[in-house]
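K.L.:
Model the structure of this input:
(one chain, ligands or ions: 1)
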Amino acid sequence: MILKGKKGIITGALDANSIAWKVAQKAHAQGAKFVLTNAPVAMRMGEIKKLASETGSEIIPADATNIEELTNLFSKSQECLGGKIDFVLHSIGMSPNIRKNIPYTDLNYDYYAKSIDISAFSLHKMLSVAHKMDAISEWGSVVALSYIAAQRTYPFYTDMADAKATLESITRSFGYHYGRFRKVRINTISQSPTKTTAGGGIKGFDNFYRVADSISPLGNASAESCADFCVALFSDLTRMVTMQNLYHDGGYSNTGISMELMEMFDKGMEK
Ligand SMILES: NC(=O)c1ccc[n+]([C@@H]2O[C@H](COP(=O)([O-])OP(=O)(O)OC[C@H]3O[C@@H](n4cnc5c(N)ncnc54)[C@H](O)[C@@H]3O)[C@@H](O)[C@H]2O)c1
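P.N.:
Next up, the predicted model:
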């Protein structure tokens, strides 16, 4: 029960495959109380009500790019939960350019701006709203989800790479200010490819899922194990960890090439 007594906000649970869905289940199992939120449009398609009844949570819709809706989210969440927020999960990502299969060299700039607004500025907006309202408790913890394409080139990840690089930078910059203000810590988890709606929308996802799995000595990290890591970061056991991008990828990021991948290549060449 490492989250007993903690109050949180969990964004991004679209369906049972979502990383946020697993985080909600694990946080509930560890004694946390929280509010679930997603974009109003996603909730009409989504199954979030099932998760809310399973975890005894309220649902407060909010488009994470909209300051008014975020202000309402933080104020209603504090009312529902009876006090300041101890943890926030930012599990939000979307690129209209990827959805419409537009190559990186020919991006639509309106879509590009949308990708970055939804996937990165939304973290800044949430933090800025919370900071103004002084809505997060001392030693609170904010976790956002990232991908290694923020640091190295993955051509198929197109403008989401730029969004994730911005997300990681906001984590460091706001981590400084919120750390000084209320000792709130802010980190990103750089997660393995994971079979979800957002993940599956990326061209060639199945292949890069398999390549990453064969390179990582521990294999790809699952959504469940990512949720465990989120819970650990929300807990008081990680109080001095802040402004970090933490790889949660089975060792992928520190492996050049694996024997398994070389053997696969050998077999392919023989054919
Ligand atoms: N799946 C992967 O391979 C993978 C790998 C690394 C990081 N991530 C990141 O994990 C996070 C969660 O994605 P997921 O893989 O669980 O997929 P998902 O599709 O289940 O979750 C993405 C969520 O973002 C929400 N969202 C989109 N626009 C929004 C808006 N304007 N306001 C509020 N919410 C909005 C969607 O409704 C959805 O719930 C994302 O940041 C994603 O980039 C995913």
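K.L.:
Flag every residue of the stretch 51-200 of the chain that's near the ligand.
P.N.:
Counting by C-beta under 6 Å from any ligand atom, the residues of the stretch 51-200 of the chain lying close to the ligand are 63-65, 91-94, 118, 145-147, 191, 193-194, 196-199. Placement of C-beta: from N, CA and C, glycine included.
K.L.:
for stretch 94-104, which positions count as buried?
P.N.:
94-98, 102, 104 (16 or more other C-beta atoms under 10 Å).
K.L.:
One more: stretch 10-20?
P.N.:
Quick answer for stretch 10-20 (16+ other C-beta under 10 Å): 10-15, 17-20.
K.L.:
Likewise for stretch 174-191?
P.N.:
Result for stretch 174-191 [16+ other C-beta under 10 Å]: buried residues 174-175, 178, 182, 184-191.
K.L.:
Now do whichever residue of the stretch 151-271 of the chain sits closest to the ligand: how many residues are near it, please.
P.N.:
In the stretch 151-271 of the chain, the residue that lies nearest the ligand is residue 199 (2.7 Å; C-beta to the nearest ligand atom). For residue 199, the count of nearby residues is 20 (other C-beta atoms under 10 Å).
K.L.:
The chain should start at 836 in everything you say after this.
P.N.:
All right, first residue 836 from here; so that's residue 1034.
K.L.:
ok, it touching residue 1040?
P.N.:
Yes: contact criterion C-beta atoms under 8 Å: residue 1034 and residue 1040 qualify, at 5.9 Å.
K.L.:
And the helices in this protein, which stretches?
P.N.:
Using DSSP state H, the helices of the chain run over 854-864, 875-880, 883-890, 902-916, 931-934, 944-951, 957-968, 993-1017, 1032-1035, 1040-1050, 1058-1069, 1094-1105.
K.L.:
averaging pLDDT over each of those helices, which comes out lowest?
P.N.:
Of all these, mean pLDDT reaches its minimum on helix 1094-1105 (a mean of 80).
K.L.:
Can you name every helix or strand that that helix contacts?
P.N.:
Judged by 3 or more C-beta pairs under 8 Å, 6 or more residues apart in numbering; DSSP states H and E, the packing partners of helix 1094-1105 are helix 1040-1050.
K.L.:
Mind giving me the packing neighbours of the helix it packs on?
P.N.:
Counting by 3+ C-beta pairs under 8 Å, 6+ apart, helix 1040-1050 packs on helix 1094-1105.
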